[in-house]
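**Q** Compute the structure for the input listed below.
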Amino acid sequence: MQTQSEPNATEHAKQSPMMHWIMVFIAMTCLLVSNGMVITGITAFDSAILAEFSDWSRGDLKLRGFITLALTGLLAPFIGILIDKIGVKILIMVGTVVLGLSYYAYGNITNITHLYFIHAAFSIVLLSCGLNVAVILVSNWFVKLRGTAIGIAVVGTSLGGAILAPLFGYWLDNGMDWREAYQLAAIIPTGLFLLALFLVRNKPTDLGLKPFGFDAGEKNANADLSQHGLEYGEAIRTKSFWAIAFIAMFTFYTIMGFQANLILHLTDLGFDIQSAAAGLSALFIPALVGKFVFGLVADKIQGLRVLYINLSLMLAAIVALLFTGKDTVLIAVAVIGFMWGGFYTLLQLNAVNNFGLKASGKLLGTITVLDAFGGGLGIWMTGQIFDSYGSYDNAFIIFTVLVGISVVLISQIKKHV
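**A** Numbers count the residues shown, from 1 in each chain. Prediction:
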């Protein structure tokens, strides 16, 4: 006979955190697949594509990234409304289908217009199973350890570059045609589709569970975290919101422009294709560690001190790029990756914690308008600057200025909930 103090099996199951961490794993996988295939790993094919289409300049090729991210920014507010209304499960499934079909089509392009249309479709992928979806999914499932959970999830963006770029480089170096490689890679999103179909739940309350660390003893406590926080109109009237948005824009210009041109920069310094593709891991493996480490730190240390330290060290490493050669460049790349990874986690955490989840889809969608435009412009303009000057030095100077401004803007961020 069960006593009153002994929880039954059902109640015990409801308190189990296993499903919470499964959602973190799926969010991480979303970012590994979407960012890795659309933004980071895809750069491993650049040299092969430019060799076949010899009349394309680097600027022509890198315009594709601007198209993807500019459309991502334009559509983000509308997808944000969908996230708030229908949740993330259906969106993830749609994104994986678009990604698989787009990659298969990539292997059949015959002119640059085809390339640009495919990259327009990639914007749907980033919006449907990218950063905002992953952050909102995790945030709905966690109160305590939210920083750690988001840090683990956003590790996926780094895993995408660290795993897929070397994988694609290996395929190419071992005799696979780049068109065949694209069509083989089109199978990869299938796994994420199945995870979303069978396991994803938008909120823990959909399974009768509570968010991890939720304090039911709080006055007027509501286990549905999606109802907590500022309204959209209240949030966008704060200095904090626009500081976060412009920091996102400036830093995304920098890191997206840097990573999208890194393999080409390393080949200019004398690296072979496979070494240059593996060199991308020198950016993304430290970023992977940084995202996790700074997520843990953010759960322990409140305030903006960690954010200041993080961006200041990233700024110093970007300055160092102007003075590095083949023997030392990967040190600067690794420091940038580690600090960027940490900043990436801290930025998402501030965007959620400072305003709550009530209008998180619309708020993150609005931030995405700016950061996606900045990121796309960074990819394209960095390639154009190389075409004009024959080196990336002037692009690195622009990176330095933008990250410096971002350090100053941190002072305007405040917590509102």
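**Q** Output the below-cut-off pLDDT ranges for the stretch 201-350 of the chain.
**A** 215-228, 303 (pLDDT under 70).
**Q** all helices in it, in order from the N-terminus.
**A** Secondary structure of the stretch 201-350 of the chain (DSSP state H, counting those that start in this stretch): helices at 232-235, 239-268, 273-279, 281-300, 305-320, 329-353.
**Q** SS state for L50?
**A** For L50, the assignment made with DSSP: H, G, I helix; E, B strand; the rest coil gives helix.
**Q** Report how many residues lie close to D173.
**A** 15 (other Cβ atoms under 10 Å). The C-beta positions use only the backbone N, C-alpha and C, and glycine is treated the same way.
**Q** Also L194?
**A** If we define neighbours as other Cβ under 10 Å, then L194 has 12 of them.
**Q** Give me the pLDDT value at it.
**A** Note on L194: pLDDT of 97.
**Q** Out of the helices of the stretch 201-350 of the chain, the one nearest D173 is which?
**A** Evaluated over the helices of the stretch 201-350 of the chain, closeness to D173 peaks at helix 273-279, with 4.6 Å, by Cβ to Cβ.
**Q** residues of the closest one that come out buried?
**A** I273, A276, A277, A278, G279 (16 or more other Cβ atoms under 10 Å).
**Q** cool, stretch 165-177 as well?
**A** A165, P166, L167, F168, G169, W171, L172.
**Q** Specify which member of those residues is nearest to A185.
**A** F168 (7.0 Å).
**Q** need the contact list for the closest one.
**A** Taking Cβ atoms under 8 Å, 6 or more residues apart in numbering, we find F168 in contact with G41, I42, A44, F45, A181, A185, A277.
**Q** rewinding a little: show only the entries of the buried residues of stretch 165-177 found in strands.
**A** Taking DSSP state E, every one of the buried residues of stretch 165-177 sits outside strands.
**Q** Please narrow those residues to those residing in helices.
**A** When helices are assigned by DSSP state H, the members of the buried residues of stretch 165-177 inside them are A165, P166, L167, F168, G169, W171, L172.
**Q** one step back: mind picking the two most distant members of the contacts of F168?
**A** Top of the distance list for those (Cβ to Cβ): A185 and A277, 14.0 Å.
**Q** Just give the nearest non-adjacent residue to A235, would you?
**A** F355 (4.5 Å; Cβ to Cβ, 6 or more residues apart in numbering).
**Q** next one: phi and psi at that neighbour?
**A** phi -130, psi -10 (degrees, to the nearest 10).
**Q** I'd like to know how far it sits from I367.
**A** In this view, F355 and I367 are 10 Å apart by Cβ to Cβ, to the nearest Å.
**Q** surely L167 meets T40?
**A** No: counting by Cβ atoms under 8 Å, L167 sits too far from T40 to count as a contact (11.7 Å).
**Q** What is the nearest of the buried residues of stretch 165-177 to T251?
**A** A165 (21.0 Å).
**Q** Could you report the pLDDT at that closest one?
**A** At A165, the pLDDT value in this model is 85.
**Q** Can you give me the buried ones in the helix or strand containing G191?
**A** Per DSSP states H and E: G191 is located in helix 189-199. Buried positions in helix 189-199, judged by neighbour count with 16+ other Cβ under 10 Å: P189, L192, F193, L195, A196.
**Q** Please tell me how far the last one sits from G87.
**A** What that stands for is A196. 11 Å.
**Q** burial of the residue lying closest to V289 once chain neighbours are set aside, as a residue count?
**A** Nearest residue to V289 in three dimensions, chain neighbours excluded: F338, at 6.3 Å (Cβ to Cβ, 6+ apart). F338 has 25 neighbours, counted by other Cβ under 10 Å.
**Q** what's the answer for D387, then?
**A** If we define neighbours as other Cβ under 10 Å, then D387 has 12 of them.
**Q** Over to the one 5 residues further on?
**A** Each residue near Y392 was counted by other Cβ under 10 Å, and the total is 22.
**Q** what's the answer for the one 5 residues further on, then?
**A** Applying other Cβ under 10 Å, we find 15 residues neighbouring I397.
**Q** Touching, it and L322? I think so.
**A** Yes: applying Cβ under 8 Å, one finds I397 in contact with L322, separated by 7.3 Å.
**Q** can you give me the strands in the stretch 101-250 of the chain?
**A** In the stretch 101-250 of the chain, no segments count as strands under DSSP state E, counting those that start in this stretch.
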